[in-house]
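Novice: can't give you the sequence, but here's the structure:
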């Protein structure tokens, strides 16, 4: 007589939790190692912001003009007070390596032969297409590093936006921002905190 084996009981369904993509944050040391290894093309301009590699758009002619104008003004103000750097890195933290359009740092060029500056007296961003990003993420990054003053030359509205008093702010993307934000038209002048006896005409920064 043939023996028929009982059917196997169906296995209970296995509950599988969905796997979400995980952000892979980069450190400044890793980023600089990739740069030294030639991992990026010569025309690529990348910044490290809160562990993310951000591609920075090319400058427009108006943006390039504003950088040249602002550089000329800052060199005149800080010739004996610091070094004016154009599109050079700041080593602000383990996960932050921005390249602001302009930065005034203490000391002279030879003070940074071994490493990039870890602080700045003043940072300037020239903004048109990057305006929203500069107001939030870039401002948050500089505030978190304790940089006392950020200028955004707003080419869209032809004003200078001045950010001061860095502080923790839980509602901001990077947890920090500036308590004081003021806008100045091309008819006004502004004195940097690091050069309070100076008067910078906003019109002199605009193309």
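Specialist: Received, thanks. Quantities reported herein were computed from a predicted structural model and do not represent experimental measurements.

Novice: ends of stretch 28-43, how far apart?
Specialist: Distance across stretch 28-43, first residue to last, is 20 Å (CA to CA, to the nearest Å).

Novice: for stretch 195-204, same thing?
Specialist: First-to-last distance for stretch 195-204 - CA to CA - comes to 17 Å.

Novice: so how far is it from its chain's centroid?
Specialist: 23 Å (CA atoms, centre = their mean, to the nearest Å).

Novice: same check on stretch 96-106?
Specialist: 8 Å.

Novice: now swap in stretch 52-62 and tell me
Specialist: Centre-to-centre, stretch 52-62 and its host chain are 11 Å apart (CA atoms, centre = their mean).

Novice: quick one: buried residues of it?
Specialist: By 16 or more other CB atoms under 10 Å, the buried positions in stretch 52-62 come out as 53, 59. The way it works is simple: take the backbone N, C-alpha and C, and place the C-beta from them, glycine included.

Novice: with stretch 158-168 instead?
Specialist: Of the residues in stretch 158-168, 159, 160, 161, 162, 163, 164, 166 count as buried by neighbour count, 16+ other CB under 10 Å.

Novice: tell me which of these fall in strands.
Specialist: 159, 160, 161, 162, 163, 164, 166 (DSSP state E).

Novice: which SS class is the residue nearest to the third one when sequence neighbours are not counted?
Specialist: When you say that, I think you mean residue 161. Computed as CB to CB, 6 or more residues apart in numbering, the closest residue to residue 161 that is not its neighbour in sequence is residue 152, at 4.2 Å. Put simply, residue 152 is strand when judged by DSSP: H, G, I helix; E, B strand; the rest coil.

Novice: quick one: contacts for residue 152?
Specialist: 124, 125, 127, 131, 134, 135, 139, 160, 161, 163 (CB atoms under 8 Å, 6 or more residues apart in numbering).

Novice: and what of residue 53?
Specialist: Taking CB under 8 Å, 6+ apart, one finds 26, 31, 46, 47 in contact with residue 53.

Novice: what bridges to it?
Specialist: Assessed by DSSP bridges, residue 53 has beta-bridge partners residue 48.

Novice: tell me the spacing between it and residue 112.
Specialist: Distance from residue 53 to residue 112, counting by CB to CB, to the nearest Å: 23 Å.

Novice: and the ones in strands among the buried residues of stretch 158-168 as TSV, adding pLDDT?
Specialist: Compiled in TSV, these are given as follows (pLDDT from 0 to 100):
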residue	pLDDT
159	98
160	98
161	98
162	98
163	98
164	98
166	98
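
Novice: which residue packs closest to residue 138, ignoring adjacent ones?
Specialist: residue 125 (6.0 Å).

Novice: no, scratch that, I was asking about residue 96
Specialist: residue 141 (5.5 Å).
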